[in-house]
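Asks: Next come a sequence and a model predicted from it.
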Amino acid sequence: MATPDRTTLGDILDADKSKVRVSEDEWLQLVRAVADGDERALHSLYEQTHRIVFTLIVRITANRETAEEVTLDVFYDVWRKASTYEPANGSVVGWIMNQGRSRAIDRLRFDQRKKRVNAYPDSLQPTTDIVDPQQACLFEEQSRLLRNALEILTPEERNSIETAFFSELTYEETARELDQPLGTVKTRIRSGLGKLREALGGKVNG
């Protein structure tokens with residue numbers, strides 16, 4: 001009887017024994033160089049790890065095109081978050097793979113929500129004949145106000161709020177996704193919501 005596919009991260013990392021092993025010190029030097037803005041170091045990290053990141057993501061999403069997009073997102077995160085890497089929390093490759101896993105799960109959640117939103121029976125599909133122009137204008141105005149309100153947030157506040165609410169994550173999940181302390185994430189979300197309430201006349205629920 002065939003055993004279920006339970007490929008581990010270690011299996012993926014060790015899949016190609018022909019490649020020269022990179023020491024953890026060398027990985028660490030690369031991440032520190034990326035944190036200093038060295039694009040060549042980022043390219044080196046990408047060249048040495050993007051295949052295993054892609055493999056992990058395609059296993060989670062079961063979609064090669066999606067995995068290609070998410071893999072690029074992961075290395076954008078590596079570029080932005082390199083300065084937050086702490087060796088005490090695990091290896092560099094493990095850190096990158098964890099970001100890949102989080103990104104892949106986020107994408108799955110997003111795609112599943114999109115399918116639910118779009119899964120209307122044909123009989124319930126809205127048509128241009130029944131759209132209320134006044135409601136459409138009101139919706140557009142509300143959208144404009146919200147976009148303008150988001151501009152007053154700091155990048156950290158906006159990132160925390162978008163991660164938490166658009167991905168339907170708890171404070172704890174958001175902190176893990178952003179690799180930030182839980183208290184910091186809570187403070188950013190609360191301060192950001194306070195600014196949004198004020199900008200939108202108290203119509204944002206916290």
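Replies: Nice, thanks for sending it over. Residues are numbered from 1 along each chain as shown.
Asks: Please parse this protein into its domains.
Replies: Domain assignment of the chain by automatic domain parsing yields the ranges 20-117, 132-199.
Asks: TSV please, covering those domains and showing mean neighbour count and mean pLDDT.
Replies: Any C-beta I mention is one placed from the backbone N, CA and C, and that applies to glycine too. Output for those, formatted as TSV (neighbours: other CB atoms under 10 Å; pLDDT from 0 to 100):
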stretch	mean neighbour count	mean pLDDT
domain 20-117	16	88
domain 132-199	15	74
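Asks: In this protein, what residue spans correspond to helices?
Replies: 9-13, 24-35, 39-61, 64-81, 92-118, 133-150, 155-161, 171-178, 182-199 (DSSP state H).
Asks: List phi and psi for residue 152.
Replies: Backbone torsions of residue 152, given as degrees, to the nearest 10, read phi -80, psi -10.
Asks: thought it was touching residue 192?
Replies: No: counting by CB atoms under 8 Å, residue 152 does not reach residue 192; the two are 9.1 Å apart.
Asks: so residue 22 sits right up against residue 47, yeah?
Replies: No: using CB under 8 Å, residue 22 is not in contact with residue 47, being 11.3 Å away.
Asks: contacting residues around the closest residue to residue 164 other than its chain neighbours?
Replies: In space, and not counting its chain neighbours, residue 164 is closest to residue 174: 4.4 Å by CB to CB, 6 or more residues apart in numbering. Residues near residue 174 by CB atoms under 8 Å, 6 or more residues apart in numbering: 160, 163-164, 167, 185, 189.
Asks: can you redo these as TSV with distance to residue 198?
Replies: Shown next, in TSV, are the contacts of residue 174 (distance: CB to CB, whole Å):
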residue	distance to residue 198
160	18
163	22
164	19
167	25
185	21
189	15
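Asks: Let me know the closest of the residues you listed to residue 80.
Replies: residue 163 (13.0 Å; CB to CB).
Asks: From residue 27, how far off is that closest one?
Replies: Between residue 163 and residue 27 the computed distance is 26 Å (CB to CB, to the nearest Å).
Asks: Then residue 102?
Replies: Distance from residue 102 to residue 27, counting by CB to CB: 19 Å.
Asks: ok, and what's touching stretch 28-40?
Replies: 41-42, 44-45, 78-79, 82-83, 85, 87, 92, 95.
Asks: Using PDB, list the CA coordinates for it.
Replies: Taking Å, rounded to 0.1, in the frame of the first residue of the first chain, the C-alpha atoms of stretch 28-40 are listed here in PDB:
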ATOM      1  CA  LEU A  28      24.000  35.100   7.400                       C
ATOM      2  CA  GLN A  29      26.500  37.300   5.500                       C
ATOM      3  CA  LEU A  30      24.200  37.400   2.500                       C
ATOM      4  CA  VAL A  31      21.200  38.400   4.600                       C
ATOM      5  CA  ARG A  32      23.100  41.100   6.300                       C
ATOM      6  CA  ALA A  33      24.300  42.400   2.900                       C
ATOM      7  CA  VAL A  34      20.700  42.400   1.700                       C
ATOM      8  CA  ALA A  35      19.700  44.400   4.900                       C
ATOM      9  CA  ASP A  36      22.400  47.000   3.800                       C
ATOM     10  CA  GLY A  37      20.700  47.300   0.400                       C
ATOM     11  CA  ASP A  38      23.000  45.000  -1.600                       C
ATOM     12  CA  GLU A  39      21.000  43.900  -4.600                       C
ATOM     13  CA  ARG A  40      23.700  41.400  -5.700                       C
END
